[in-house]
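> test case, fold it:
(3 chains)
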Amino acid sequence: MSYLSIEQVRKSFGKTTVLEDVSLGVERGEMVAIFGPSGTGKTVLLRLISGVFGPDAGDVLIGGHSVIARGPEERDVGMAFQNFALYPHLPAFENIASPLRARGLAGAEIERRVRATAELLKIDHVLHHLPRELSNGQKQRTALGRALVREPKVLLLDDPLRNVDAKLRYEMRVELPRLLKRFESTVLYVTQDYKEAMALGERVAVLNQGRFQQVDRPAAIYTRPGRVEIARLFGDPTINLYPCRPAAEADGLAIELFGSRLVLPRAAGETAGRPCLIGLRPEDVQIQLEPAPGAIPVELDAVTPLNVRTVLFLRAADRSEILATCSESVGARFGRGHRQVFMRLDLAKALLFDQASGQHLPAAA
Amino acid sequence: MTEATLWSRLLRPVLLTLVALFFLFPIFWVFLMSFQTNEQILRIPPSLFFSPTLDNYWGLVSGKLVTAAGTLELPFMRNLWNSVVLSTGAVLLSLLLGVPAAYAFARFKFRLGEDIAFTLLSFRFAPPLLVLLPLNLYFQTLGLNDTYIGLIWVYQLITLPLILWIVRGYFEDISPDVEHAYRVDGHGWLKTFLKISIPLARPGIAAAALLSFIFAWNNFVFALILGSSSIQPVTVGALAFVTASGIQYGQIAAAVVLSILPTLTLALYAQRYLVEGLSLGAVKG
Amino acid sequence: MAATAEVAGARAPKQSFSRAALPYLLSLPALLVCIGILIPFFTAVYYSLQRYNLAMPFLRGFIWFDNYKDFLSDPAFWNTVSISLIYTALTVGIELLLGLGIALLLQRPTLFNNALSIALMLPLMIAPAIASLMWKLMTNPNFGILSYLVGLVGLTDFKWASDPSTALLTVVLVDIWVYTPFMMILLLAGLRGLPKQPFEAAELDGVPASFVFFRITLPMLLPYIITAALFRMLDSIQQFDIIYAMTQGGPGDKLMVFQVQAYLEFFTYTNVGRSSALLMVLWAIAYLLSHQFIKSWLRLRERARGQA
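Numbering: from 1, shown residues only, chains lettered A, B, ... in the order given. As a prediction, this is how the structure comes out:
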């Protein structure tokens, strides 16, 4: 049995149902990233676990015991809020000490533990400051310190890197897993950034339309997204998607696309004849200047260098738009202007989704 | 351009002087009068130069008024004390009743809460006599008509809506997450309310308390109808003693000064919050 | 699957009981005060439907709307209505114009203007009953400074509040002295809270000042003007303190506004039924006004909260 388990939780506010049927099990010491677009109820879910809200239905169990009847103060859950939620009238020290004071620890013990946590987070020099005198990064660390100082069994982090600048976000992304491992807490990490979710979560749980649509290892979510929406949410630039109707062939599954006939190297299974969406990741689209067998002629409309990668905007003979990425050095070869190029597709990595339901259609075994 | 210059150079100062004169001179004049003897007051033409006397104030403080007809008892100090007790009591009771309710209205959206808040507000704007006249009959049966408690209870009509609506606004401005964080830290609801919500709303609570004190102090009709002479505040008392025979005008002026001094001082002290309070939070000062 | 959901659903309400009760517990005291107000209010409604004179308790009986019907043919009632309306129109109208004028004079937030606006608030902080007393002193025929001043311009026998022809004006003057600061302070806050861009644009375009005032300032200030005016109307139609303290409704019936008339009806003529009915009429007027006021006030409040 999972250490933290959320069972069929439902929550509505007035007429809007935010969480419809949410279930998730998290092992002891595991870190699960909860990812979803804004407004999908990630924050609400954390609040249901911490006890700030009560669910309309369902249960939350920690260590096998239902905590639903307990108030937030009785759950031993640490939580870092997205807006930090520091106590503006108390200095950083008292902010961090608050959970220890609630337990009635001795003054010396509180002093020791707050100092230790602050040193770990590199804020020990600002402990006497009020929150309004702290920088955003220091505020964020203070909030994190308050959640960590109690060494909680369950730690809930609500997009803690959202309101800090890019440099600090990067540092913390590296530092945070190391810190959290020390505390051996079971962690739920909420984020709107798929890269953050993939970098930090041992597993990623995708919350969308009131339920977890997929819970899996980060790589698995990327390569085998359970639904077309998930495929769209993970990846930058977003995945290319085109409607198609595959037909069974001897050597695989044939589709009509970009004015060409393409054959996917996979068994037909039940997909043949069914309206589908085919998904092609931009990195699985290769562009070359010279024609070659199997390469599809396309027009190159725009070349956008983006850090180390270059995004290419292409238009096929049937006017469909295609996004492709390539390394900077390859991108440099295409110049800036509009020109004719040739496209090779890594069709083994193409994803098929049912057009009506959006479900992923895996290749038949 | 010349028109604008003429306006700002000449007309504006003249108008401002007239405005200041109209609104401030009466206070100044009564203040001067309170240091004058009857002969000085009655002198024509009136003069700004006179040797000031504190006799009017001594007369009020000692409670004895010596006139040609004999010595009169003046209960003015008693009235002043009654004002202090009634206003302070009313504000304290309102804080006790109003702050938790304001918190409930700010934090929990519940039907009954809005109903209570608006009932109190609408009765703030209803004719006070409508409630006071039946209460006058009730108070006689209940034996409340000569007690501070009865009046303090009725004063809630003035002080409670003010405290409720101002403090509610301040509670609404506190991020609920700050309270949630404190709960999650392991503190109970009551402790969160006392250690987080109240301290963060303190400026609003102080402002509302000061303003409602001023309004309670200035109230006239409640005590006129429900209070007998032993618990009457200065507003009613001062008026009563104008009609007392043989009164000295300087003493009336001194009584006026003593009865407006507390509210004027408080108003100057709390001026930052006056605008917000007067408009029940509709205009931020 | 469905069974588990049901079990879980049944478990959920257990934790929410104390949570659901909390707001009610917190507002219980305020609720009691509410009930404390509503009981006498309904008593007043009940009295207004009775023939009820304290001096003649044996005649007490339920007469439905006869008290109200009697008003229709009672010149004293119509006198009350017209005096109250005239008083309200005069005070609110003059205070609005004066308050707006002063607010415009003090619009720029200089140190001097701020200090003066605070000083001008002082009359508002004086109890209206005491303010009336001050004006009674100032209009005293023997030593009043105002009597002396009008004497200088030849009005040697000016009787102020005790002359039927000038009583209303005198009382209105006191009301203006006390309540203009309220208008001023609200409109000043409104003026200073207006967005700057339209005025800057108008200045750049060289638009004349009168046009700016009537086409930009006034329309943008209108919500504040309406709210302040409604608030003052509510107060003014129910004015009691100033009128009672100055003249007790006299001379004659010159200043018999609603609440003064009801007060005298109750205490002098001990006619509880009639007094209550009169107050119910006033309450109906006040209720309509307060409904409008609360609507416009809530809109302003929302806006103020949004800015903060």
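> and the stretch 51-200 of chain B, which of its residues are near chain A?
Taking CB under 8 Å from any CB of the partner chain as the contact definition, the stretch 51-200 of chain B meets chain A at B:175, B:177-178, B:180-189, B:196, B:199-200. C-beta here means a position set from N, CA and C on the backbone, and glycine is covered the same way.
> excluding chain neighbours, what is closest to A:Y3?
Computed as CB to CB, 6 or more residues apart in numbering or on different chains, the closest residue to A:Y3 that is not its neighbour in sequence is A:R28, at 4.0 Å.
> contacting residues around that neighbour?
By CB atoms under 8 Å, 6 or more residues apart in numbering or on different chains, the contact list for A:R28 reads A:3, A:184, A:186.
> contacting residues for the closest residue to the second one other than its chain neighbours?
Same thing as A:E184. In space, A:E184 comes closest to A:G29 once its chain neighbours are excluded; the distance is 5.2 Å by CB to CB, 6+ apart. The contact partners of A:G29, taken as CB under 8 Å, 6+ apart, are A:3, A:184-186.
> need the buried ones from those selected in ChimeraX.
Selecting only the buried entries of the contacts of A:G29 in ChimeraX, with 16 or more other CB atoms under 10 Å in any protein chain shown as the criterion:
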select /A:3,185,186
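> which residues of the chain score low on pLDDT?
Using chain A here. Across chain A, residues meeting the criterion (pLDDT under 70) sit at A:1, A:268, A:337, A:364-365.
> my bad, chain C
C:1-19, C:307-308.
> spatially central residue in it, please.
Nearest residue to the geometric centre of chain C (CA atoms, centre = their mean): C:D235, 1.5 Å.
> what sits against it?
Neighbour list for C:D235: C:Y179 [criterion: CB under 8 Å, 6+ apart].
> ok, now C:P223?
Contacts of C:P223 by CB under 8 Å, 6+ apart are C:190, C:296, C:299-300, C:303.
> and B:S122, what element?
B:S122 belongs to helix B:111-124 when assigned by DSSP states H and E.
> angle of the helix or strand just after that helix against helix B:111-124?
Next helix or strand after helix B:111-124 toward the C-terminus (DSSP H and E): helix B:128-142. Interaxial angle of helix B:128-142 relative to helix B:111-124 (axes from the mean of the first three to the mean of the last three CA atoms, to 10 degrees): 100 degrees.
> what helices or strands is helix B:128-142 leaning on?
Judged by 3 or more CB pairs under 8 Å, 6 or more residues apart in numbering or on different chains; DSSP states H and E, helix B:128-142 is in contact with helix B:148-173, helix B:221-226, helix C:2-48, helix C:258-267, helix C:272-307.
> one more time with 6 Å, if that's ok
Applying 3 or more CB pairs under 6 Å, 6 or more residues apart in numbering or on different chains; DSSP states H and E, we find helix B:128-142 packed against helix B:221-226, helix C:2-48, helix C:258-267, helix C:272-307.
> and the helix or strand harbouring B:A255, C-alpha only, in PDB?
Mapping B:A255 onto the secondary structure by DSSP H and E places it in helix B:249-269. Taking Å, rounded to 0.1, in the frame of the first residue of the first chain, the C-alpha atoms of helix B:249-269 are listed here in PDB:
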ATOM      1  CA  TYR B 249     -22.500  82.000  28.700                       C
ATOM      2  CA  GLY B 250     -18.800  81.400  29.300                       C
ATOM      3  CA  GLN B 251     -19.600  78.200  31.000                       C
ATOM      4  CA  ILE B 252     -21.700  77.000  28.100                       C
ATOM      5  CA  ALA B 253     -18.800  77.700  25.900                       C
ATOM      6  CA  ALA B 254     -16.400  75.900  28.200                       C
ATOM      7  CA  ALA B 255     -18.800  72.900  28.300                       C
ATOM      8  CA  VAL B 256     -18.900  72.900  24.500                       C
ATOM      9  CA  VAL B 257     -15.100  73.000  24.400                       C
ATOM     10  CA  LEU B 258     -14.800  70.100  26.900                       C
ATOM     11  CA  SER B 259     -17.300  68.000  25.000                       C
ATOM     12  CA  ILE B 260     -15.800  68.400  21.600                       C
ATOM     13  CA  LEU B 261     -12.200  68.200  22.600                       C
ATOM     14  CA  PRO B 262     -12.000  64.300  22.800                       C
ATOM     15  CA  THR B 263     -13.500  63.800  19.400                       C
ATOM     16  CA  LEU B 264     -11.400  66.500  17.700                       C
ATOM     17  CA  THR B 265      -8.300  65.100  19.200                       C
ATOM     18  CA  LEU B 266      -9.100  61.600  18.200                       C
ATOM     19  CA  ALA B 267     -10.100  62.800  14.700                       C
ATOM     20  CA  LEU B 268      -6.700  64.500  14.200                       C
ATOM     21  CA  TYR B 269      -5.000  61.400  15.500                       C
END
